[in-house]
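> have a look; sequence and predicted model below, questions after that.
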Amino acid sequence: MKQDLLSQIKSAVQDQPGWLQQKRQLAGQLATSLSSNHFAKRIVDEWQTPDLSVVDDGQGDCSTADYVDLPLFDAAHKYSELLQENLMEKAIFWQDSQLNALHMALLNGGRFIYVPDGKIIEKPIELHVDCPMTNYHNLIIVGANAQVTIVEQQTGESKCPTFFGTELLLGDGAVLNYYQSNHFTADNNWQATRAYQAADSQLNIYTAFFDHNDLFTDTFTSLDGDGSNANVKTVAITNGHQHQEVHTRIDNHGLHTDGEIQQNGVALDSGVLNFHAVGKIYHGSHESKSNQESRLLTLNQASRGETDPVLLIEDNDVDAGHAASIGKVDADQLYYLQSRGLTLQQAQILLTKGFLLPVINKFPDKDLRERTQQELLDRLEVAE
């Protein structure tokens, strides 16, 4: 990293707590010695002259008597110990890669949500942010036996590659339903959603990747506590010359843990969509489960994709399985639909709906399910 950029970081963090100043400067220095994969390198190469301005997301303090919802840098002062202990320390690790280190060093803003032990939040917490900068980060902590639904719908408005990071930390017996559908402006973007789960916690992640730009997604959860379980359901679309890499991983560390992955996607035009799913059951994680299903449909000769299922099993007393498929649309189906008066594009849209809606229909919240269905219809109207 250029010395002038390190100086920029030092100047930008002066109003932040000492621990955060040191951490961000160290991350900037460490980034020079870390590596990036091919997709991440495309992003890093465009971050050589970043804007380190702090984002005002326009939401301010949205806290209530039952939970905390603050801008990230405000929370760094008000809840300094919580952030020092948890920010990029338990889910997204700032030392893991060059991209992660730079994300920490170049943070522009984000949200901090904290639901105290035992609180049951009936109404979903909404994260609707139009983010003009490149590095936005959400830290979400759900205390022991607390229950909450959170909806993340963020728009990256920068034409420079954007990194959206979200950390989900669940205490013993916590229940979190997390809905996510973000959009970007830049050509290349990165979205990391990573979770740490304590004993008997339950995490349900529902993601819709309906953006129009190239995207690398990193969804990961660590089932650390005994009896914890995670369920990740994903739907995705690519079209034009768009390229999406969708990585999902669940690691079973504790006893009696359960990780489930379901991914359905459709590639149109010359779009590329690759699903990578990993389930790992560590030695000693007796009576645990790890199951995954990835389904991909390509609707054109030029569209393509991969489904890459991986199971890593280190214990005998477990239940694990995977299913993966890549299918081209049946020419007879298309011919039949066109014979009924549909255009080729209308027929492809109908088949896309039929392939993705079964997953969306499993989203448990009716309002959010209908919202995602409408997003799908809006996305397909553009494709049409």
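Alright, I've got the coordinates.
> only C-alpha atoms from now on, for both contacts and neighbour counts.
Will do.
> quick one: mean pLDDT over the host helix or strand of residue 264.
Residue 264 is located in strand 258-267, with elements delineated by DSSP states H and E. Strand 258-267 comes out with an average pLDDT of 97.
> pull whatever helix or strand comes next after that strand out as CSV, backbone CA atoms only.
Using DSSP H and E, the helix or strand that directly follows strand 258-267 along the chain is strand 272-281. Once non-C-alpha atoms are left out, strand 272-281 reads as follows in CSV (Å, rounded to 0.1, in the frame of the first residue of the first chain):
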residue,chain,number,x,y,z
VAL,A,272,-22.4,-16.7,-15.8
LEU,A,273,-23.6,-18.0,-12.4
ASN,A,274,-21.5,-20.3,-10.3
PHE,A,275,-22.7,-21.8,-7.0
HIS,A,276,-20.1,-23.0,-4.5
ALA,A,277,-21.4,-24.8,-1.4
VAL,A,278,-19.4,-26.2,1.4
GLY,A,279,-20.5,-28.1,4.5
LYS,A,280,-17.8,-29.2,7.0
ILE,A,281,-18.5,-31.3,10.1
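> next, the angle from strand 272-281 to strand 258-267.
170 degrees (axes from the mean of the first three to the mean of the last three C-alpha atoms, to 10 degrees).
> quick one: contacts for the residue of the chain most remote from its centre?
Distance from the C-alpha centroid of the chain, by C-alpha atoms, centre = their mean, peaks at residue 339 (40.6 Å). Residue 339 makes contact with no residue, according to C-alpha atoms under 8 Å, 6 or more residues apart in numbering.
> for it, what are phi and psi?
Main-chain torsions, residue 339, degrees, to the nearest 10: phi -70, psi -20.
> tell me the confidence at it?
Listed pLDDT for residue 339 reads 89.
> distance of it from residue 333?
Between residue 339 and residue 333 the distance, using C-alpha to C-alpha, to the nearest Å, works out to 10 Å.
> one more: residue 291?
31 Å.
> likewise residue 196?
The gap separating residue 196 from residue 333 is 44 Å, by C-alpha to C-alpha.
> which SS class is residue 123?
When the structure is reduced to helix, strand and coil (DSSP: H, G, I helix; E, B strand; the rest coil), residue 123 reads as coil.
> can I assume it is in contact with residue 147?
No: applying C-alpha atoms under 8 Å, one finds residue 123 not in contact with residue 147, separated by 10.5 Å.
> when these two are compared, which one has more neighbours?
Just comparing residue 123 and residue 147: by other C-alpha atoms under 10 Å the higher neighbour count belongs to residue 147, 23 against 9.
> list the contacts for that one?
Under the criterion of C-alpha under 8 Å, 6+ apart, the neighbours of residue 147 are 118-121, 174-176.
> which one's more surrounded, residue 196 and residue 333?
Each of residue 196 and residue 333 has its neighbours counted (other C-alpha under 10 Å); residue 196 has more, 21 against 13.
> did I read that right, residue 5 in a helix?
Yes: judged by three-state DSSP, residue 5 forms part of a helix.
> that one touches residue 49, doesn't it?
Yes: the pair residue 5 and residue 49 qualifies as a contact (C-alpha under 8 Å) at a distance of 7.4 Å.
> more neighbours: those two, which one.
For residue 5 versus residue 49, neighbours defined as other C-alpha under 10 Å are more numerous around residue 5 (17 against 11).
> got the confidence number for that one?
For residue 5, the model assigns a pLDDT of 79.
> state the distance from it to residue 286.
In this structure, residue 5 and residue 286 are 49 Å apart, going by C-alpha to C-alpha.
> how far does stretch 32-49 stretch from start to finish?
Taking C-alpha to C-alpha, the first and last residues of stretch 32-49 lie 15 Å apart.
> err, stretch 197-216, not the other one
Taking C-alpha to C-alpha as the measure, stretch 197-216 stretches 24 Å from start to finish.
> likewise stretch 73-90?
Between the start and the finish of stretch 73-90 there is a gap of 19 Å, counting by C-alpha to C-alpha.
> roughly how far is the strand holding residue 264 from the heart of the chain?
Relative to the chain's own centre, strand 258-267 is displaced by 13 Å; criterion: C-alpha atoms, centre = their mean, to the nearest Å.
> only C-alpha atoms, please: export it in PDB.
As requested, C-alpha coordinates have been extracted for strand 258-267 and formatted as PDB (Å, rounded to 0.1, in the frame of the first residue of the first chain):
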ATOM      1  CA  ASP A 258     -27.500 -28.700  11.800                       C
ATOM      2  CA  GLY A 259     -26.500 -26.800   8.600                       C
ATOM      3  CA  GLU A 260     -28.800 -26.600   5.600                       C
ATOM      4  CA  ILE A 261     -28.100 -24.800   2.200                       C
ATOM      5  CA  GLN A 262     -30.500 -24.500  -0.700                       C
ATOM      6  CA  GLN A 263     -29.600 -22.400  -3.800                       C
ATOM      7  CA  ASN A 264     -31.500 -22.000  -7.000                       C
ATOM      8  CA  GLY A 265     -30.300 -19.800  -9.900                       C
ATOM      9  CA  VAL A 266     -31.000 -18.900 -13.500                       C
ATOM     10  CA  ALA A 267     -28.500 -17.700 -16.100                       C
END
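> nothing else from me, thank you.
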